[in-house]
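In: Quick one, fold the following:
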Amino acid sequence: MKLLITGGAGFIGSHLAENYAKKYEEVIVYDDLSRARTLKKKDKNSLYNWNYLKNAYSNVKMVKADVRNFNKIKEAGKGVDAIIHAAAQVAVTTSLAEPRTDFEINALGTFNALEVARLNDATFVLCSTNKVYGENVNKIPLTEYAKRYYFTDKKYKDGIPESFPTDQCCHSPYGCSKLAADIYTQEYAHTYGLKTSVFRLSCIYGERQFGVEDQGWVAWFVTATLTDKPITIYGDGKQARDILYIRDLVEAFDAFMTSNQKHEVFNLGGGPDNTISLLELLDLLKKHAGKRPRISFKNWRPADQKVYVSNISKAKTLLNWEPKINPKEGVKRLIKWVHNNLELFVA
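Out: I've put the predicted structure just below:
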């Protein structure tokens, strides 16, 4: 089997590439290594996952190219059996400053990848986002606790289902471009008969993640704490998310790829049993890393969701999947990896 992974040198993409390199004949990692440039960050580790895969697996083919270039991705994807589309512009802040770039990468890039899937009659899996629901999530009444918010309405005690409304609200340009990609993926199943899955991801974390303030908040909090960098919290820190350890995510992809499901949309995260607020993560870091970072507070960011928790019942039922690693264990593993690789994070 031949698999193309766009964004394959990123955090999620590299773990997927490693997993399938052990199972498939050929894995094509397609990435333009633009994350740091797009986020306007200095990132000395931009080649870390690229080199890790290149050196570890002889059946992984590395292609440095942009998903906005249809001819390049068409050439790279010739003869593939499946495409996992993980390439994206990933930050809300960048989408606000550069909406055209955000649209071209997320919407046009997905369209290009879908066309390659159509031309090859290939399975297509999209890494979407909970941001497709926008501020509709904030219309759910909340109860405020000492260190977190949570949904008051018992209708959402198990989290946000896939049927939750996606329109008539503010999203941020990022939420809009990802929603366009999401709907296009669904349409290519309905119109062209492709086997597709849309995974609307909550917060994914784990080893080999180079989190920054604008994206990858769990990893950012861990690395900032261990390297004595200050952290800015936008809002009051009580915002809560369900978080999912990277290995559990990979197993969800596996479950769909090997299933008889034809086309589905899944909300995918840790679910209600694996939630954590920013303040609670700081407490966890104090306990397991032995210190707290320097913290300052600023105003809420546009379209930020005070609470987001995935209802993962559908994935449990249709894919026979559920998370195995809880936040306490997952964060301990991440702390250990960062501690053992501190040279990657010290300027």
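
In: And the closest residue to residue 29 other than its chain neighbours, what's its pLDDT?
Out: In this structure, residue 29 finds its nearest non-sequential neighbour in residue 8, 3.2 Å apart by Cβ to Cβ, 6 or more residues apart in numbering. Where you see a C-beta, it was placed from the backbone N, CA and C, and this is true even at glycine. Note on residue 8: pLDDT of 97.

In: Quickly find the element holding residue 8.
Out: Using DSSP states H and E, residue 8 maps to neither a helix nor a strand.

In: Buried residues of stretch 110-125, list them for me.
Out: Across stretch 110-125, burial judged by 16 or more other Cβ atoms under 10 Å covers 110-117, 120, 122-125.

In: Torsion angles phi and psi at residue 307?
Out: Main-chain dihedrals, residue 307, degrees, to the nearest 10: phi -140, psi 130.

In: swap that for residue 297, sorry
Out: Torsion angles, degrees, to the nearest 10, at residue 297: phi -120, psi 140.

In: Run through the residues that contact it.
Out: 232-237 (Cβ atoms under 8 Å, 6 or more residues apart in numbering).

In: Select, from the residues you listed, the two members most distant in space.
Out: Distance extremes for the contacts of residue 297: the farthest pair is 232 and 236 at 12.6 Å, using Cβ to Cβ.

In: out of the two, which sits in the busier spot?
Out: Applying other Cβ atoms under 10 Å to residue 232 and residue 236 shows that residue 236 carries more neighbours, namely 15 against 11.

In: need the contact list for the more buried one.
Out: residue 297.

In: All further residue positions should be reported with the first residue as 8.
Out: With 8 as the first residue, the last one maps to residue 243.

In: how much space between it and residue 302?
Out: Distance, residue 243 to residue 302, using Cβ to Cβ, to the nearest Å: 11 Å.

In: before we move on, what about residue 341?
Out: On the measure of Cβ to Cβ, residue 341 and residue 302 end up 19 Å apart.

In: And the residue lying closest to residue 266 once chain neighbours are set aside, its phi and psi?
Out: Using Cβ to Cβ, 6+ apart and skipping the chain neighbours, the partner closest in space to residue 266 is residue 326 (6.1 Å). For residue 326, the backbone dihedrals (degrees, to the nearest 10) come out as phi -110, psi 0.

In: Next one: residue 326 from residue 63, what distance?
Out: For residue 326, the distance to residue 63 - Cβ to Cβ - is 28 Å.

In: So for the two, which residue has more residues nearby?
Out: With other Cβ under 10 Å as the criterion, residue 326 and residue 63 differ in neighbour count, and residue 326 comes out ahead with 22 against 11.

In: Hmm, the more buried one is touching residue 273, no?
Out: Yes. Using Cβ atoms under 8 Å as the test, residue 326 is close enough to residue 273 to be in contact (7.5 Å).
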